[in-house]
Structures are given as C-alpha cells and as structure tokens.
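Participant: predicted model and sequence follow; I will ask about them next.
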Amino acid sequence: MIERPPMSIDLTALPPAIRYKLLTAIVLPRPVAWVTTISTAGVVNAAPYSFFNLFGKDPALVVLGLEHHADGRLKDTTRNIRDTGEFVINLVSEDLVGPMVRSAAPAGPDLSEPAALGLDLAPSAHVRPPRLAAAPAAIECRRTVALGFSAEREILIGEALGLACRDGLIDRERWHVNWGGDYPVARLFADRYARLVEIERHTIPPGL
C-alpha cells in the first residue's frame, strides 16, 4: 500500500476568507460567548462571538476576538465596551441557540436584541451591563486592553470580576461545578453547533 504524503497548505498564500473557512473547521469545538453590553444611551446589546476563551487565573482573564465592519466601523459590542469598559459573557445552553443565532443579525445601535427577541435580563453584581437571565452562567468582565491587528480585527482582553450561575450549578463548599452533562453548546463551523459529551477521564501519571 502506497502511503500518501500529508497535505501541506501555505496559509499565508490563501485569501483571508479561505483561511477563515479552513481554520474554523479545524480548530473545534469553540466555546460561544454571548456578550451583553450597554451603550451610553442605555441600550442593551447582545451578540455572539466564537473567538473566545479563558486566558489566565491571576488575574482571571478572558479573551474575545472582535470583528469590525469591512470599512472599519465599530460594531455595537466593540463600541459599547470602548465607551463603558464593561461587558458580560453569557454561556449558551441548547435551548438558547435559536435566539443566540438571531441576535447576530445586523441591527442599528438603537435596537436592543434582548428586547426584540423577548429575552429577560437580570442585573449584574459587578458591572453595569445586565446578564441574560436564561443563561446558565454569566461572567461579568471589565476591559483590560485591546489590540488592533487590522481594520476588521481586534483582540480584547478583559478581567473576569464576577460569576452568576443558575441555582445548583456550583457547590460552594467544594467549589465544584456540576453541569450534570448539560454543558453549554459549542461552535463548530459555518452555521453548525455541537452538544458536548464527556469522555473517560485520563489522569496524568505521577512523575510526568
């Protein structure tokens, strides 16, 4: 049997849209941050981002990949965070996938996605933007630093200040989180999402 050599692709030679298509189908699953912010006029915005993850514990940091409009204009989430310095990352349960996807539709800064989609809000304890009441968990964050890499791409690092969770999710005596198998959904690629299923635990052997 003839073994085929591995495929080698020069990503720098590809158009950005093709790079995005390939990489987002390779690096998966990705957690989804449904970000709520509030404008200086008091309008609450909600938008999903799948370039998101934790970035440290001391301080506790989160990282978001924010995309601007093609002409460089800021989208509502980025502008609101720049203006107020605060945001909330809401985790997405399976029953919230529909409204989460719909909240990504283009809308003007005067339209509140939670209000338009009938999503209840709840006050945050550490920041001004509210959280989505139906989200199983929400991380209240303060902007730390933003790095611009192009007219369309900004990397935002924020500090996690507070955590709000549904009743029973966290055991405060042992500080254990018990999802009970009902984990937040993950982004695959294009318009595809996934349920997470836990596999057998693998412990690192002593001495390694």
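Facilitator: All right, it came through fine.

Participant: note down every partner strand of the helix or strand hosting Pro48 and its orientation.
Facilitator: In the assignment (DSSP states H and E), Pro48 maps to strand 44-49. If you go by DSSP bridges, strand 44-49 pairs up with strand 33-38 (antiparallel).

Participant: between strand 33-38 and the very next helix or strand once past the strand holding Pro48, find me the angle.
Facilitator: For strand 44-49, the following helix or strand on the C-terminal side (DSSP H and E) is strand 52-57. In terms of direction (axes from the mean of the first three to the mean of the last three CA atoms, to 10 degrees), strand 52-57 departs from strand 33-38 by 80 degrees.

Participant: which elements pack onto the following helix or strand past strand 52-57?
Facilitator: Heading C-terminal from strand 52-57, the first helix or strand you meet, by DSSP H and E, is strand 60-67. Other elements packing on strand 60-67 under the criterion 3 or more CB pairs under 8 Å, 6 or more residues apart in numbering; DSSP states H and E are strand 33-38, strand 44-49, strand 52-57, strand 137-148, strand 153-165. Heads up, the C-betas are built off the backbone N, CA and C, glycines and all.

Participant: what about the first one, average pLDDT?
Facilitator: Strand 33-38 carries an average pLDDT of 98.

Participant: just list whatever residues bridge to the residue most central in space within the chain.
Facilitator: The centroid of the chain falls nearest to Ala33 when counting by CA atoms, centre = their mean (1.9 Å). As for beta bridges, Ala33 partners with Tyr49 under DSSP bridges.

Participant: roughly how far apart are it and Val185?
Facilitator: As judged by CB to CB, to the nearest Å, Ala33 and Val185 stand 12 Å apart.

Participant: follow-up on the earlier one: CA atoms of the strand holding Pro48 as PDB?
Facilitator: What follows is strand 44-49, C-alpha atoms only, in PDB (Å, rounded to 0.1, in the frame of the first residue of the first chain):
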ATOM      1  CA  VAL A  44     -28.600  46.800  25.900                       C
ATOM      2  CA  ASN A  45     -26.900  44.900  23.100                       C
ATOM      3  CA  ALA A  46     -26.400  41.100  22.800                       C
ATOM      4  CA  ALA A  47     -24.200  39.500  20.200                       C
ATOM      5  CA  PRO A  48     -22.500  36.100  19.900                       C
ATOM      6  CA  TYR A  49     -18.700  35.500  19.500                       C
END
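
Participant: orientation of that strand relative to strand 60-67 in degrees?
Facilitator: Here the directions of strand 44-49 and strand 60-67 differ by 90 degrees (the same axes, to 10 degrees).

Participant: what's the angle from strand 44-49 to strand 153-165?
Facilitator: An angle of 110 degrees separates the directions of strand 44-49 and strand 153-165 when computed by the same axes, to 10 degrees.
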